[in-house]
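Engineer: dropping the sequence and predicted coords here.
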Amino acid sequence: MNYGDPSSSRGRDQIPGPNGDPGSGGSPHGTGWSSAPEGGASARASVPPRGSASGGRASGGGAAPAPRDGAAGVASVGRAGPGRASVPPAPGAAPGRAGAGRASVPVSPAPGGPAGRSSVGSAAVGSAGRASVGSAAVGGRAAVARAGVPGMAGGGPGGPGGPNGPGRGGRGGRGDDPGAAARAKKRKRINMLIASFAVFIMLAGIGVVGFTYYSTKVILPEDVTPPLASTIYAGDGKEVIAKVGAENRTFVAIKDIPQWVQDAVAAAEDRNFYRHSGVDYKGIARAAWNNFTGGEKQGASTITQQYARNAYDNLKQDTYGRKVKEAILASKLNDKYDKPTIMQHYLNVIYFGRGAYGIEAAAQTYFHKHTNQLTVAEAAVLAALIKQPEPSATHKGYDPAINPQPALDRWNYVISGMITEGWLDAPGKQKHPTEYPTKTLQKPSAKGVGVDFGINTPYGNVINYVAQEMRDKKLCTDNDAEVTDNKPLCSQALSKGGYRITTTIDTKTQKAALEAAQRKTKGSELDGQPKNLMAAVVSIEPKTGRVLAYYGGDNGTGTDFAGKNYDNGVVSGGHSPGSSFKIYTLAAALDAGKSVESRWKGKAFTPEGTKFKVSNAGTDDPSCHNSCTLEVSTLKSLNVPFYYVTQDIGPDKVVNMAKQAGITTMWQTDTNPAKAHDLTKEKPEDLAPSPFFHVVGYGQYPITVLDHANGVATFANEGKYNKAHFVKLVEKQDQQTGTWRKLGGEQLDPRGGQQRIKKDVVHDVTSVLEKYPAAVNRRLADGRKAAEKTGTWELNEKTSDNGDAWMIGYTPQLATAVWVGNVGRRLKIEDKGGNKISGAKMPGAIFQRFMNEALKGEKELDFPEAAHVGDPNSGNGEAAPPPVDPQQPPGCPSPLSPFCPPVNGGGNGNGNGGNNGPTNPFDPRPGGGGGGILPTTPPRQTY
C-alpha cells in the first residue's frame, strides 16, 4: 500500500504549492485536497518521516516547508498569516518527550493573501509522537482534513509503526479501521467532559454544602409537626363515624410498625437505607447530569432525603437550591437520629394515595386495618404505592384499583427486593408471600377518599358540636397568644391537631333516627313526601345528658334544623313549639302551687288591652267550657286555660321553668330577623312579659329541637338536669412515644344530675303526659310506658294551615324531640295526600317508629306515682259540674273526660288541629279540632 495513496487508511498526503496547487512529492492520485484559486481552500499535507526521529504531526499555513529528514507528520492548511511553528528536537535526543520549545517560523504568504501561522507540536523521541500544526487559510477559511501518521523510532513507511508496517495506526484506532478511531475519539471527549463536570460539581457542591451545613440553622423533626387528622368515634370508642383534618394522617410510633412493613418500604424506595449516611451522592451526581443534559428531572431517592422533602414546605419546589438544602437536612437527620427514628418520621409523612398520608391512614384506607395488623403481602402493596400513588399525565400510578398489572409488577419488585436483602426467607424472617392480597384490599369509596368524610353525612352536625364543646372546655383558644401544643387555635384544632375524640353517639340509636326521619333513607316517613318537608330528631340519655342520636340535616355544611345556625352574627334555628311547650307551663304552675286538678276558664276571649283573641284551635268553647282542669287542658291542648295560668303566675315563671329544664335559647318574633335570647345569660324577669308575652304559655316563641330534647330529658330524669353534650373523651397523641393522653371529656354528676325541678312536680307532669299516647294513638310497642306531647303552630296569621309540627316524649331511659317543618321557604306542611301535618301525624309516626327501634331489647320501666301537689281550688274556673251525665255514652264517666266527645262539637283535644288527628273511639267524627293550632298573636314572625 502506498503511503501517499488516497485510498490508504494511513493518510492522503499532498504538499500544496505556494498558490495552493499540488506541489512536489504528491501522488498523482492524491485527492486529499482540492485545488483552488488564489485565496481558495487549503488542503492538508502529510510529510514523510525523516531519519530516525519519531513520527509526528504538524499543521502548516501558507506554503508548506520542504520535508526534513527524520520527521513525519500531517500539515493542515489554516489561515494565512504570520505564525510560528514548534520545532521537534534534533535526532539522537534521549528517549522520552522532547523538551524543545516552540520557535516562530516565518511563512511565505500566498500571493495576495495574508501571512499564515503554523504551530508544530513536540514529538517524543524513541516513540510515536504527534505535532499539531495550525491551519492556514489563503484568502479565506479552509476546510481541514487530517491524516493519522504512526511513527516509531527507526520506523519508516514500511517498518514497524510505519504506514505499511505493523503497529498502531490511525488516531486512536487500531489496525486499519477508521470507524474505531472515530469512536475512540468520541469516547475520550465524553469521558473528559463527564470527568470535568463531575469534578466541578463535587468541588462546588462540597464547598456549598459544607458552608451551608455549618452556617444554616436546620429545623429538625421534633420542631415540625405534620398536620394530623382528628378521628371521631361513636360512643363505643371503636367505630369511626368521621375524620377531620387538612390531611388524613394519624401518627403511629415505630414500635407499632412491624419490621416487615419497614423493610417493604426500604425495598421499594431505598435498599441501601440501613447502610448509607442519609445522602446518596452517586444518585445526586446522576440526577444532576440527567437534568443538565435535558433528560427527565430526577431527585434524590434515599428515604432520608424523601422525608426531608415531604416534611418541610420549603423543600417541595423542584429546584436545584432545594436539592442542596435537602441533602443538608438529610445529613443532619442522619447525624441526629438512628435509622428506626428516621423510618418512623418518613412513614408518618409520606403520601399513599386515596387521600391517605402516613402508614396508619394508608392501612385504614386500603385494608381497614391498623398498621400493626398488616401482613407482609399487604405491606408490600402499600410500599409499592409510594413511587406514584395516583395517576399522572404519563403514568397511571400503582393503585391496584386503577392500574392493576403495573401494581402487581411493582409488588413483585418489592417482594423480590426483600428476599434479595435477606428480609424474607432468611433465618428468623417470614416466608415471602405468593399471592397478591386481593381478598383484604378495599375498593376506593367516598368515605375513604379525602379526610373530611364525615362532614357530608348527618354526622357533620355532630362534628360541629364537637368543635364547639372543645372551645367550651377550653381545649382550644381563639387567642393567638394563648396557643400551645395542648391548646391550638379552635379554628385549626380538629383539622391539624390529631385528636382522638369519642362522642356520645350510639350508632344503633342514630340508625333508628335516620331510618325514621331521613328522606334519603328508603322507607322512612319522609320518603316520597313533598320536597319542602324536613324532619329533625334528637334523642338524649336522661341520666347522663349524652346525645345518643342527632339528625338535623344530611351534612354539616348546610342548615342544621335541630340546632343553632350562625350567619354574620345572626343566630337562627328555632321553631315554634306550639302545645309541646305546655309541659314547662304546667310544671311552672304546679311549682307555683297550682294543681293538675285546678280548674280554669276555657272559652275564647280577648285579653284586656289587646286586639287579638285567645282561642282554642277548632273551637271557642271546649267541652269543659269554663271549668277545665290543667290535666284536661293539657290532654286537649287547650290554649285559653294556659294563657290564664301564665297570666296568673307570670310569664317569667314559665320562661324560668323552661330554662331550668334545659332550654338555652328562645327567639322573640316581633323583629326581623327574629332575635335570639340566651337564657343562660339573661334573667327571665327581664324577658317577660316583654318580649315574651303571656302567649309564651302555649308555645309561640321558637326553640331548637336539641334544647327541647334536653328539657324533656330533665322530666324523664325526675327533674335532674344534665346538660346535653356530644363529647365523652378527648385524647391527643404524644408523637415521641405514640401514647395517647386524656385532655378532657364529660364530667358526669355523681348525683345523676342537678335537681332543678322538684321531683313531685315532675311526677305530676309525667302522670298527665303518660296518658297522652292513648289519646293520640301513638303507644309504644309491647305496652311500654311513655310520656308524650304533641304541638303544632300555624303557618302565619292569615291562614289556618300548619307551619311547624312536633312530638316530644320520654321513657326513663330515653328522651326524644321530633320536629317536622319546611326545608326552605315556609309553606304549608301537608303530606303527599294533601292532608295537613299535625303533631300526632308525621312527627308522631317518626317518634313512635324511632322509639320502638331504639328501645328494642331494653328493659321496660315504669314511672313514679303522681304526688298530687298544689291546690285544686287555685284556678279561675267554675266549680266542677255534676259527676255523671246520663246522656254520655257508656264508659264516659264525665263530660270533662278527655276521652269523651265534646258537647258543643268542639275539638277532642288531641292537639293535632283540624280533622287530622287519630280517631277517638268515643267520637263519631273523624279526627278532631284540638288545640294544636294556636291563635294569632300579633305581631307574628314567620320562619
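Structural biologist: Ah, there it is. Numbering: from 1, shown residues only.

Engineer: make it CA atoms for all contacts and neighbour counts henceforth
Structural biologist: OK.

Engineer: so E631 sits against K594, correct?
Structural biologist: No - at 11.4 Å, E631 does not count as touching K594 under the criterion of Cα atoms under 8 Å.

Engineer: G574 touches I703, doesn't it?
Structural biologist: Yes - at 4.3 Å, G574 and I703 qualify as touching, with contact defined as Cα under 8 Å.

Engineer: which neighbours do those two share?
Structural biologist: Common contact partners of G574 and I703 (Cα atoms under 8 Å, 6 or more residues apart in numbering): M666, W667.

Engineer: helices and strands of this protein: which one bottoms out on pLDDT?
Structural biologist: Within the chain, no helix or strand scores below strand 124-125, which has a mean of 36 by mean pLDDT, DSSP states H and E.

Engineer: show me which residues of stretch 252-261 are buried.
Structural biologist: V252, A253, I254, I257, P258, W260, V261 (16 or more other Cα atoms under 10 Å).

Engineer: sorry, wrong one. I was asking about stretch 662-682.
Structural biologist: Taking 16+ other Cα under 10 Å as the criterion, stretch 662-682 shows 662-669, 674-677, 679 as buried.

Engineer: how long is it end to end?
Structural biologist: End-to-end distance of stretch 662-682 (Cα to Cα, to the nearest Å): 14 Å.

Engineer: and the helix or strand hosting V761, what does it pack against?
Structural biologist: Assigned by DSSP states H and E, V761 falls within helix 759-769. Contact partners of helix 759-769 among helices and strands, from 3 or more Cα pairs under 8 Å, 6 or more residues apart in numbering; DSSP states H and E: helix 582-591, helix 630-635, strand 787-794.

Engineer: now the ones you listed in a markdown table, with mean neighbour count and mean pLDDT?
Structural biologist: Formatted as a markdown table, those follow (neighbours: other Cα atoms under 10 Å; pLDDT from 0 to 100):
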| stretch | mean neighbour count | mean pLDDT |
| --- | --- | --- |
| helix 582-591 | 26 | 98 |
| helix 630-635 | 27 | 97 |
| strand 787-794 | 30 | 97 |
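
Engineer: please produce a markdown table containing the ones you listed, extended by distance to D567.
Structural biologist: Putting the helices and strands packed on helix 759-769 into a markdown table (distance: least, Cα to Cα, whole Å) gives the following:
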| stretch | distance to D567 |
| --- | --- |
| helix 582-591 | 30 |
| helix 630-635 | 37 |
| strand 787-794 | 25 |
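
Engineer: quick one: closest of these to A234.
Structural biologist: Distance to A234, taken as Cα to Cα, is lowest for strand 787-794 among the helices and strands packed on helix 759-769, at 28.1 Å.

Engineer: strands paired with that closest one, and their directions?
Structural biologist: Paired neighbours of strand 787-794 in the sheet (DSSP bridges): strand 802-810 (antiparallel).

Engineer: CA-only coordinates of the partner strand in CSV, if you can.
Structural biologist: Below are the C-alpha coordinates for strand 802-810, written out as CSV (Å, rounded to 0.1, in the frame of the first residue of the first chain):
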residue,chain,number,x,y,z
ASN,A,802,-99.7,24.5,59.7
GLY,A,803,-96.1,25.5,59.6
ASP,A,804,-94.4,23.5,62.4
ALA,A,805,-95.4,20.2,64.0
TRP,A,806,-93.8,18.4,67.0
MET,A,807,-93.9,15.3,69.0
ILE,A,808,-91.9,15.0,72.2
GLY,A,809,-91.8,12.3,74.7
TYR,A,810,-89.8,10.1,77.1
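
Engineer: check the gap between T737 and A242 for me.
Structural biologist: Distance from T737 to A242, by Cα to Cα: 25 Å.

Engineer: more neighbours: which of the two?
Structural biologist: Taking neighbours as other Cα atoms under 10 Å, T737 and A242 compare with A242 leading, 23 against 11.

Engineer: and the more buried one, what does it touch?
Structural biologist: Here A242 is in contact with T231, I232, Y233, D452, F453, G454, I455, Y459, G460, I463 (Cα under 8 Å, 6+ apart).

Engineer: roughly how far apart are the nearest residue to V349 once chain neighbours are set aside and M851?
Structural biologist: Of all residues not flanking V349 in the chain, G358 sits nearest, at 5.0 Å (Cα to Cα, 6 or more residues apart in numbering). G358 sits 42 Å away from M851, going by Cα to Cα.
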